[in-house]
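Asker: Let me see the structure of the following:
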Amino acid sequence: MKKKRLTESQEKALLILHDHHGLIRPKIFAKKMWPDSSGWDRYAKCGDGVHKGGGMYATAGCYLGKLVRKGLVRYDIRDRHGYVRGYMLSAEGITALKPILEARAERRKMYG
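Answerer: Residues are numbered from 1 along each chain as shown. The predicted structure is shown next:
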């Protein structure tokens, strides 16, 4: 069975995870994925208060969750106490990203 091609958004997300080198939290992912979104100017509830851009973190978490369900990304807990949590590329994600990285390397070789 032929594998489905990645969407532009999925490619961008996987490249962000690849270039981040290690676990990434939804807040950092959101800032890299959607830096110019109007969502950063909206206020979201947070406990007893509010803060700007909070909905973007939730959106990033949902998007990363979709990539986890597709098998392209995995959720990881690195600390023995479970304090450091984040997302990283899975083996399938690395495989899916391989042609994109090869094309990127070829462009660098051609254009310096």
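Asker: Sketch out the low-pLDDT regions of this protein for me.
Answerer: Counting by pLDDT under 70, the chain contains low-confidence residues at 1-3, 79-80, 82, 112.
Asker: Longest helix in this protein, please.
Answerer: Under DSSP state H, the helix in the chain containing the largest number of residues is helix 91-111.
Asker: Could you list the residues in contact with that helix?
Answerer: 3, 6, 11, 14-15, 17-18, 67, 71-74, 89 (C-beta atoms under 8 Å, 6 or more residues apart in numbering). No exception for glycine: its C-beta is placed from N, CA and C like everyone else's.
Asker: got it, and stretch 7-22?
Answerer: Residues outside stretch 7-22 that contact it (C-beta under 8 Å, 6+ apart) are 6, 24, 28-29, 32-33, 63-64, 67, 72-73, 86-89, 93-94, 96-97, 100-101.
Asker: now the strands: where do they sit in the protein?
Answerer: Here the chain has its strands, by DSSP state E, at 43-46, 49-52, 73-77, 85-89.
Asker: can you tell me how far the residue nearest the centre of the chain sits from Gly49?
Answerer: Nearest to the centroid of the C-alpha atoms of the chain, with distances taken as C-alpha atoms, centre = their mean, sits Ala13, at 4.4 Å. Computed with C-beta to C-beta, to the nearest Å, the distance linking Ala13 and Gly49 is 30 Å.
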